[in-house]
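**Q** Structure for this input, please:
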Amino acid sequence: MTPGQQKALREAIGEMMPLAAEIFSEVRMVSQDRDGVTRPAWSAEDQAAGDILLRAARAQDLTTRTDQIGNTYASLKGRNTNAPAILTGSHLDSVARGGNFDGLAGAVAGVIALAALRRAGIVPGCELTAMGIRCEESVWFGIAYIGARLSVGAMERAEFDALRRLDSGRSLAAHMAEVGVVADDIWRRDGPEISAANTKAFLELHIEQGPLLIEQATSLAVATAVRGNLRYGDGVCYGAYQHSAAAPRRLRQDAVLAVTELLQRLEALWHEIEDNDDPSAVFTVGKLFTDPEQHALTKVPGECHFSLNFGSTEPRTLERLATAVASLTAEIAARRRVRFALGDPVGSPPTPLDPNLRAKLSASARRLSIPCLEFATVGHDASIFARAGIPAAVLLVRNGEGSHNPRESMDLQDFELGVNVLAATMIDLADG
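**A** From the prediction side, this is the model:
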């Protein structure tokens, strides 16, 4: 872009911020819950969010459509109509009683960026498309990225047919049908909606879901990689219920103390890994409880439930942690005379993000005099496009109070900076 075009684009993005605020507000209203927002995948609420985005895009003279999956698209035509497109976007769904910006910020950013480019009179070298993606959150059907996976052809029919929504017990196809999506149409396509043949790059703007940008007092970051994860969602330790005053230590089978020893030793290993080998490593115990129908002040606990969730950008770290879980549970179980039942672990591999796209995002930020950090991020739809052979990158925007809760508090000024970097990078890619 010329300096004049850069100035016009920045001014146009500033002029589009009231529209962005209006979209955020309207989507919040249609998905308001008693706390925060709830937009289940393929529900009236996430359907309404997509409809709001499409109406806003059409009002800005962008071309809109919806695919057989229910994903939404708004496009700005480019000079070369045969060239692969540049794609941006994020997801429309939310967790139950979550925040309004997780996912939605990236879907809105794409529409605003394209509308601003049109307003500034900038014609890209190829088509630019903003996507609203269905079902990124794993809370609805037990797995993440369903809309993205279906769009790139990375899901078999048997897996699709087996999916049930966790709260309703009804099939994915049934929930799709309620919002006018015919599941059979997905499998009648000639090929995937999105592929490396028709898409040059995927850029995802997303709120940061941790506290690093707040800690560093910086508005933006470029993600280096998407962490993989290793998860044991329903672990149980079985011991024996005994009288608290009658059972000496040598004869106890205390499930709680066995689990807490396991967690302490895993935390110590996490510290060692993070300090010496892999700063991207994270460890979380999201669930830890005894049976309320059995536990009591005067009982040695005979049962303890827990979860283990590890994340890292390094496959070797996840392998090391899996080995540690197996060896530690065996050792503790033998010594404390308890039994661990962890079930089969689930997870996803780490996904490196494209170094060229990362460099272009950082370069755009520098040209715009916007400070921008680099660090690893959590799971996003971008990982699915990367695994499908499409170069992908993630731009993170500062967000207070974390994510997956009603207190998400992305500032519109930070969002505007992110849209500027996103739009400038898309033009750079389209013209390159």
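**Q** List the pairing partners of the helix or strand residue 376 falls within within its sheet, with orientation.
**A** Using DSSP states H and E, residue 376 maps to strand 372-377. Paired with strand 372-377 in the same sheet, following DSSP bridges, are strand 220-226 (parallel).
**Q** Which strands and helices lie in contact with whichever helix or strand comes after the partner strand?
**A** Going down the chain from strand 220-226, the next helix or strand is strand 228-238, by DSSP H and E. If you count contacts as 3 or more C-beta pairs under 8 Å, 6 or more residues apart in numbering; DSSP states H and E, strand 228-238 packs onto helix 255-276, strand 303-312, helix 315-336, strand 339-341, strand 346-348. C-betas here are computed from N, CA, C, even on glycine.
**Q** okay, these, which one's buried deepest?
**A** Sort those by mean neighbour count, taking mean count of other C-beta atoms under 10 Å, and strand 303-312 sits at the top with a mean of 21.
**Q** circling back to that earlier point, skip ahead from the strand holding residue 376 and say which helix or strand is next.
**A** helix 382-387.
**Q** Measure how far that following helix is from the centre of its chain, please.
**A** On the basis of C-alpha atoms, centre = their mean, to the nearest Å, helix 382-387 sits 11 Å off its chain's mean C-alpha point.
**Q** before we move on, the earlier item: what would the helices and strands packed on strand 228-238 look like in TSV with distance to residue 282 and mean pLDDT?
**A** Formatted as TSV, the helices and strands packed on strand 228-238 follow (distance: least, C-beta to C-beta, whole Å; pLDDT from 0 to 100):
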stretch	distance to residue 282	mean pLDDT
helix 255-276	8	98
strand 303-312	4	97
helix 315-336	10	98
strand 339-341	22	98
strand 346-348	13	86
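**Q** Tell me how the chain divides into domains.
**A** What automatic domain parsing lists as the domains of the chain is 3-227+350-431, 228-348.
**Q** Of those domains, flag the one that's most buried.
**A** domain 3-227+350-431 (a mean of 20).
**Q** That one - what's its average pLDDT?
**A** Averaged over domain 3-227+350-431, pLDDT sits at 97.
**Q** Quote the end-to-end distance of that domain.
**A** 15 Å (C-alpha to C-alpha, to the nearest Å).
**Q** cool, stretch 380-389 as well?
**A** Per C-alpha to C-alpha, the first residue of stretch 380-389 is 16 Å away from its last.
**Q** Ok, stretch 373-391 next?
**A** By C-alpha to C-alpha, one end of stretch 373-391 lies 20 Å from the other end.
**Q** out of all of them, which helix in the protein is the longest?
**A** Assignment by DSSP state H gives helix 3-30 as the longest helix of the chain.
**Q** Which strands and helices lie in contact with it?
**A** In terms of contacts (3+ C-beta pairs under 8 Å, 6+ apart), helix 3-30 is packed against helix 44-59, helix 104-119, helix 412-431.
**Q** The strand holding residue 376 vs helix 412-431, what angle?
**A** 90 degrees (axes from the mean of the first three to the mean of the last three C-alpha atoms, to 10 degrees).
**Q** Identify the residues contacting strand 372-377?
**A** Outside strand 372-377, the residues that touch it by C-beta atoms under 8 Å, 6 or more residues apart in numbering are 206, 208-209, 212-213, 216, 218-227, 280, 313, 358, 361-362, 365-366, 394, 396, 421.
**Q** again, only using 7 Å
**A** 212-213, 216, 218, 220-227, 280, 313, 362, 365, 394, 396 (C-beta atoms under 7 Å, 6 or more residues apart in numbering).
**Q** Report the distance from that strand to the chain centre.
**A** That offset, for strand 372-377, works out to 15 Å (C-alpha atoms, centre = their mean).
**Q** Just the endpoints, please. Distance across stretch 127-144?
**A** Stretch 127-144 has an end-to-end distance of 28 Å (criterion: C-alpha to C-alpha).
**Q** and what of stretch 139-152?
**A** 21 Å.
**Q** from the chain's centre, how far out does it sit?
**A** 11 Å.
**Q** ok, and what's touching that stretch?
**A** Residues contacting stretch 139-152 (C-beta under 7 Å, 6+ apart): 40-41, 67, 69, 71, 91, 93, 95-96, 133-138, 155, 163-166, 172, 186, 192-195, 379, 381, 384-385, 388.
**Q** So which of these are in strands?
**A** Among these, the members found in strands (DSSP state E) are 91, 133.
**Q** can you tell me which residues contact the one residue sitting closest to the centre of the chain?
**A** Against the mean C-alpha coordinate of the chain, by C-alpha atoms, centre = their mean, the closest residue is residue 380 at 3.4 Å. Each residue near residue 380 by C-beta under 7 Å, 6+ apart is listed here: 204, 206, 226, 394.
**Q** of those residues, closest to residue 48?
**A** Taking C-beta to C-beta as the measure, residue 48 lies nearest residue 206 of these, at 21.1 Å.
**Q** where's the closest residue to that closest one other than its chain neighbours relative to residue 303, distance?
**A** Once flanking residues are discounted, residue 206 sits nearest to residue 106: 5.1 Å by C-beta to C-beta, 6 or more residues apart in numbering. In this view, residue 106 and residue 303 are 42 Å apart by C-beta to C-beta, to the nearest Å.
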